[in-house]
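[1] below are the sequence and a predicted model for it; my questions follow.
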Amino acid sequence: MREIDAGLITKEVKRLVMEANYFLPDDVLNSLKESKKNEEWDLASATIGKIIDNAEIASTDHAPMCQDTGMVVVFVKMGQDVRITNGYIEDAINQGIREGYTEGYLRKSVVSDPLNRVNTKDNTPGIIHYEIVPGDKLSIMVAPKGFGSENMSRIKMLKPSEGLQGVKDFVLESVELAGPNPCPPIVVGVGIGGTFEKAAYLAKKSLMRPLDKYSDNPFYADLEKELLEKVNNLGIGPQGFGGKTTALKVSIEYYPTHIAGLPVAVNINCHATRHKEVIL
């Protein structure tokens, strides 16, 4: 049994939430640069250029790349041979969020009650997803999620008879309805299968995948490419000004489901797709 001190978890989460807000992931930055070169519409190309400039300023000055510094979503993969000492893992994670958002001067956007709307003033609690895996490692992925994009997400319980075409139609409809609101170019996460809540989880989890990596399943990899092409043919473009780059990627995760159902969820992310990971 391998022991990991709760204090180390707090320290790492604190670092990750700040870095996720300051530094655009390399795969996203590379995708933006490639999209800028391929844009034929001058306004679209210039808009992507401004996004790249903004990312460079944020990185240099250690300043948030967006004023919405998000609600922190955390994906934890805990090896079954790991034991947390000197504290409870959930408290340790939330303490890291608290310290990172306070010391990093990041906007605190979480309210303690969805109806009473009183700000917690430290951006806690985070949304924490746990997965028990073999081994003695602890992986923590933090993903500050802005709500300009989160609010555009949708879920639908399709009838099995609607099949593949129904899935495609729902994804495209969701992106079209979102329009410029999630600050395109976007990343589109799609979860297919499982149950109502599992599909939503899969959609969000898919956003953590690098933009240059497709599904390991050839069928779903081809579907990701097809949907990306169709999304970009909608012509929404960067920040909704038109152009070829409405999305940088469509990522799909899937899971077995019931014979009577076909759950589909679409979780949209802005271009930043902020996430940082540590493996302890």
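    It's in. Numbers count the residues shown, from 1 in each chain.

[2] what mean pLDDT does stretch 195-214 get?
    For stretch 195-214, mean pLDDT is 97.

[3] CA atoms of it as PDB?
    Extracted C-alpha coordinates of stretch 195-214, given in PDB (Å, rounded to 0.1, in the frame of the first residue of the first chain):
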ATOM      1  CA  THR A 195     -27.800   6.200 -18.500                       C
ATOM      2  CA  PHE A 196     -28.900   9.900 -18.300                       C
ATOM      3  CA  GLU A 197     -26.100  10.900 -15.900                       C
ATOM      4  CA  LYS A 198     -23.400   8.700 -17.500                       C
ATOM      5  CA  ALA A 199     -23.900  10.200 -20.900                       C
ATOM      6  CA  ALA A 200     -23.300  13.700 -19.400                       C
ATOM      7  CA  TYR A 201     -20.200  12.500 -17.600                       C
ATOM      8  CA  LEU A 202     -18.800  10.900 -20.800                       C
ATOM      9  CA  ALA A 203     -19.400  14.100 -22.700                       C
ATOM     10  CA  LYS A 204     -17.400  16.100 -20.200                       C
ATOM     11  CA  LYS A 205     -14.700  13.500 -19.900                       C
ATOM     12  CA  SER A 206     -14.200  13.500 -23.600                       C
ATOM     13  CA  LEU A 207     -13.100  17.200 -23.500                       C
ATOM     14  CA  MET A 208     -10.000  16.100 -21.500                       C
ATOM     15  CA  ARG A 209      -8.600  14.200 -24.500                       C
ATOM     16  CA  PRO A 210      -5.800  16.000 -26.500                       C
ATOM     17  CA  LEU A 211      -7.100  17.600 -29.700                       C
ATOM     18  CA  ASP A 212      -4.700  15.600 -31.800                       C
ATOM     19  CA  LYS A 213      -6.000  12.200 -30.500                       C
ATOM     20  CA  TYR A 214      -9.000  10.500 -31.900                       C
END
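
[4] quick check: buried residues in that stretch?
    Within stretch 195-214, the residues that qualify as buried are 198-209, 211, 214, counting by 16 or more other C-beta atoms under 10 Å. Bear in mind the C-beta positions are built from the backbone N, C-alpha and C, glycine included.

[5] burial of the closest residue to residue 121 other than its chain neighbours, as a residue count?
    Take residue 121 and drop its neighbours on the chain: the residue closest to it by C-beta to C-beta, 6 or more residues apart in numbering is residue 108, 5.7 Å away. Close neighbours of residue 108, defined as other C-beta atoms under 10 Å, add up to 17.

[6] with residue 258 instead?
    By the criterion of other C-beta under 10 Å, residue 258 has 11 neighbours.

[7] make CSV from the buried residues of stretch 195-214 and add distance to residue 277 to it.
    Shown next, in CSV, are those (distance: C-beta to C-beta, whole Å):
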residue, distance to residue 277
198, 22
199, 23
200, 21
201, 17
202, 18
203, 19
204, 15
205, 13
206, 15
207, 13
208, 8
209, 12
211, 15
214, 19
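
[8] so which of those are in helices?
    If you go by DSSP state H, these have 198, 199, 200, 201, 202, 203, 204, 205, 206 in helices.

[9] and residue 132, how many neighbours?
    Neighbour count for residue 132, taken as other C-beta under 10 Å: 10.

[10] which other helices and strands contact the one helix or strand it maps to?
    Here residue 132, judged by DSSP states H and E, is contained in strand 127-133. When contacts are defined as 3 or more C-beta pairs under 8 Å, 6 or more residues apart in numbering; DSSP states H and E, strand 127-133 packs onto strand 71-79.

[11] partners of the strand it packs on, with directions?
    strand 127-133 (parallel), strand 138-145 (antiparallel) (DSSP bridges).

[12] ranges for the strands of this protein?
    With strands called from DSSP state E, the chain shows them at 2-5, 71-79, 82-85, 127-133, 138-145, 154-158, 186-194, 247-257, 262-269, 276-279.

[13] kindly export the fifth one (C-alpha atoms) in CSV.
    Once non-C-alpha atoms are left out, strand 138-145 reads as follows in CSV (Å, rounded to 0.1, in the frame of the first residue of the first chain):
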residue,chain,number,x,y,z
LEU,A,138,-3.0,9.0,-8.1
SER,A,139,-3.9,11.1,-11.2
ILE,A,140,-5.6,14.4,-10.7
MET,A,141,-6.9,16.4,-13.6
VAL,A,142,-8.4,19.8,-13.0
ALA,A,143,-10.6,21.5,-15.5
PRO,A,144,-11.9,25.0,-14.7
LYS,A,145,-15.2,25.1,-16.7
